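>>> next input, structure requested:
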Amino acid sequence: MGCGTSKAKEKRKATEKRKAIPLVRARLLNTWSSSGEKDGGWTQITFQEDNTCTGRIVTGNGEGKVTLFDGDAGTWTTAGGRVVVTWSKAVGNGKDLSEEERSRFSTLHWNGAGGCALIWCFEGKRQALFPTNRSESVEDDHYYGGCDSYCYGPAYAYYGSGVYSDFGYGGYWEPTDPHDSGPVVSGGDLCVADGGYCGDGSQGGECAPIGGPDDPAGGGSEGDDGGGVGGGDDGGG
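Numbering: from 1, shown residues only. Down below sits the predicted model:
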């Protein structure tokens with residue numbers, strides 16, 4: 001019992017020093033993509049000032065590259081570290097989608113660590129998107145913690161157990177249980193305002209790394225070796 005208490009204290013002490021960028025409106029107004037670059041032909045979503053948005057989901061590489069979803073018109077709002085989109089017009093697999101079908105592509109989860117990311121959840125899959133317009137100035141709306149180099153790193157460590165499918169910018173994560181209602185992002189990668197337990201990193205200071213096996217807050221993949229979706233080579237296209 002004493003040992004367990006000691007470990008809990010160590011974990012709490014480790015996370016007290018961590019910082020994460022909070023999800024706020026001005027920071028969300030950007031184009032987010034799986035490659036970290038705008039209009040590169042991969043998954044991306046753009047949030048506008050008037051609360052409208054457009055987005056598409058692209059998976060696979062080479063001859064297997066497909067556009068699963070193409071949202072021409074939607075409106076967005078934020079709630080509890082999530083972005084919720086109501087799509088009014090969208091196409092999937094070459095046909096117009098019904099309201100119920102569009103709702104399967106409506107939720108993105110915020111990660112405020114390691115340069116920030118949005119995790120788009122769809123049909124039991126997850127894909128990490130990164131801000132395409134970034135600033136190193138803490139005074140700028142597009143300051144994401146000064147860790148933007150992570151957007152081009154070889155891996156994004158998803159939270160929970162599951163496996164990576166495909167590779168490069170068209171890759172995605174499949175949770176072991178696609179119906180699991182548990183957290184999509186570790187509390188150690190979110191500030192308190194977004195439901196996590198990190199400090200607010202929007203005023204500068206070192207931000208928390210994104211997940212990984214050594215994350216004292218419990219972030220990162222429990223399943224794979226951390227092979228990547230968001231970075232490395234583009235996998236052809």
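>>> how many other residues sit next to residue 85?
Look at residue 85: counted by other C-beta atoms under 10 Å, it has 24 neighbours. To be clear about C-beta, it is placed using only N, CA and C from the backbone, and glycine gets the same treatment.
>>> looks to me like it is in a strand.
Yes. Applying DSSP: H, G, I helix; E, B strand; the rest coil, one finds residue 85 inside a strand.
>>> beta partners for it?
For residue 85, the beta-bridge assignment (DSSP bridges) gives partners residue 76.
>>> can I assume it is in contact with residue 79?
No. At 11.5 Å, residue 85 does not count as touching residue 79 under the criterion of C-beta atoms under 8 Å.
>>> for residue 196, list the residues it contacts.
Residue 196 sits next to 20, 81, 112, 185, 186, 187, 188, 189, 190 when contact means C-beta atoms under 8 Å, 6 or more residues apart in numbering.
>>> can you tell me the closest non-neighbouring residue to the third one?
Among residues not flanking residue 112 along the chain, residue 20 sits closest, at 3.5 Å (C-beta to C-beta, 6 or more residues apart in numbering).
>>> give the contact list for that neighbour.
Per C-beta under 8 Å, 6+ apart, neighbours of residue 20: 112-113, 145, 189-191, 194, 196, 198-201, 207-208.
>>> for residue 140, see how far away it is.
Counting by C-beta to C-beta, to the nearest Å, the gap from residue 20 to residue 140 is 18 Å.
>>> likewise for residue 105?
Counting by C-beta to C-beta - residue 105 and residue 140 are separated by 30 Å.
>>> what does residue 103 give?
Distance from residue 103 to residue 140, counting by C-beta to C-beta: 34 Å.
>>> check residue 37 too.
19 Å.
>>> so which of those two has more stuff around it?
Using other C-beta under 10 Å as the criterion, residue 37 and residue 140 rank with residue 37 on top: 17 against 13.
>>> what strand or helix carries the more buried one?
With elements taken from DSSP states H and E, nothing contains residue 37; it lies in neither a helix nor a strand.
>>> wait, it sits on residue 133?
No. Using C-beta under 8 Å, residue 37 makes no contact with residue 133, being 10.3 Å away.
>>> count of neighbours near residue 172?
For residue 172, the neighbour count with other C-beta under 10 Å is 23.
>>> could you list the low-confidence segments of the protein?
1-17, 146-155, 205-237 (pLDDT under 70).
>>> hang on, the earlier thing: and the contacts of residue 196 as a markdown table, adding distance to residue 48 and secondary structure?
Shown next, in a markdown table, are the contacts of residue 196 (distance: C-beta to C-beta, whole Å; DSSP: H, G, I helix; E, B strand; the rest coil):
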| residue | distance to residue 48 | secondary structure |
| --- | --- | --- |
| 20 | 25 | strand |
| 81 | 21 | coil |
| 112 | 22 | coil |
| 185 | 24 | coil |
| 186 | 29 | coil |
| 187 | 30 | helix |
| 188 | 31 | helix |
| 189 | 26 | helix |
| 190 | 25 | coil |
